[in-house]
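J.: Please work out how this folds:
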Amino acid sequence: MDQEALMRQIVEQVMSAMNNGGSAPSTPAGGKMTAANYPLAEKEAAKIKTPTGKPFSSLSYEKVISGELTSDDMRIAPETLEYQAQVAESVNREAFAGNLRRAAELIAVPDERLLEIYNALRPYRSTKQELLDIANELDGKYGAKTAAGLVREAAEVYEKRDRLKKF
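T.: Numbers count the residues shown, from 1 in each chain. This is a model prediction of the structure:
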């Protein structure tokens with residue numbers, strides 16, 4: 001099997017698995033997702049949209065190959081991560097739910113910038129002011145308040161443990 005045929009087969013299998021189901025939404029009266037809604041791709045596909053606003057059900061191999069769908073269409077939307085967080089909470093996985101919400105905050109941050117921030121957070125790579133500037137950027141430019149708080153906390157801890165960049 002050539003590489004293109006293999007890729008087509010894989011994409012078709014993934015898309016088929018994601019689009020199977022399609023049962024009626026079962027969101028409780030409170031509007032929160034629970035374990036009963038999982039997997040979302042099967043039970044709540046009508047509520048899932050791409051970051052560009054396309055319905056989840058519109059994703060197909062043919063549209064990827066033709067260029068009708070871009071990499072932005074294939075990314076997860078913050079709302080979908082929030083749905084996943086609600087499901088996690090419904091089965092008492094609060095820490096996982098928190099991780100999903102932090103990930104949702106960071107979707108707005110370009111990948112290249114995320115990598116720069118990751119490297120800046122390594123010990124001895126940044127001054128306290130550089131870390132505080134990153135936190136202010138995350139908070140002010142991207143609205144990533146939780147992530148900004150974690151960077152501020154890192155700046156304080158690095159200062160106490162003498163892990164900041166030396167001049």
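J.: going forward, measure contacts between C-alpha atoms and count neighbours the same way
T.: OK.
J.: Count the neighbours of the spatially closest residue to residue 87 that is not a sequence neighbour for me.
T.: Excluding its sequence neighbours, the residue lying closest to residue 87 (C-alpha to C-alpha, 6 or more residues apart in numbering) is residue 34, at 4.3 Å. Applying other C-alpha atoms under 10 Å, we find 21 residues neighbouring residue 34.
J.: wouldn't residue 34 be in contact with residue 90 here?
T.: Yes - here residue 34 reaches residue 90: they are 5.2 Å apart, a contact under C-alpha atoms under 8 Å.
J.: shared neighbours, those two?
T.: Taking C-alpha atoms under 8 Å, 6 or more residues apart in numbering as the contact rule, residue 34 and residue 90 touch no residue in common.
J.: any chance you could map the helices in the protein?
T.: For the chain, the helices defined by DSSP state H cover 3-19, 40-43, 61-66, 78-90, 94-106, 111-120, 128-142, 145-160.
J.: Assess the claim that residue 104 and residue 83 are in contact.
T.: No - assessed by C-alpha under 8 Å, residue 104 is found out of contact with residue 83, at 10.5 Å.
J.: Might you list the low-confidence residue ranges for the protein?
T.: Applying pLDDT under 70 to the chain flags the ranges 1, 3-30.
J.: Go again with 90.
T.: Applying pLDDT under 90 to the chain flags the ranges 1-31, 60-61, 64, 70-74, 167.
J.: How is it divided into domains?
T.: 1-107, 109-167 (automatic domain parsing).
J.: contacting residues for residue 136?
T.: residue 148.
J.: State the distance from it to residue 149.
T.: With distances taken as C-alpha to C-alpha, to the nearest Å, residue 136 is found 9 Å from residue 149.
J.: Likewise for residue 72?
T.: From residue 72 over to residue 149 the distance is 27 Å, taken as C-alpha to C-alpha.
J.: Equivalent analysis for residue 50, please.
T.: With distances taken as C-alpha to C-alpha, residue 50 is found 28 Å from residue 149.
J.: So which of these two has more stuff around it?
T.: A side-by-side neighbour count of residue 50 and residue 149, using other C-alpha under 10 Å, places residue 50 first with 20 against 16.
J.: Quick check: the gap between that one and residue 81.
T.: Separation of residue 50 from residue 81 (C-alpha to C-alpha): 11 Å.
J.: cool, residue 111 as well?
T.: Residue 111 is 17 Å from residue 81, where distance means C-alpha to C-alpha.
J.: Looking at these two, which has the bigger crowd around it?
T.: residue 81 (21 against 11).
J.: Hmm, residue 100 and the more buried one touching each other?
T.: Yes - Residue 81 lies in contact with residue 100 (C-alpha under 8 Å); the separation is 5.8 Å.
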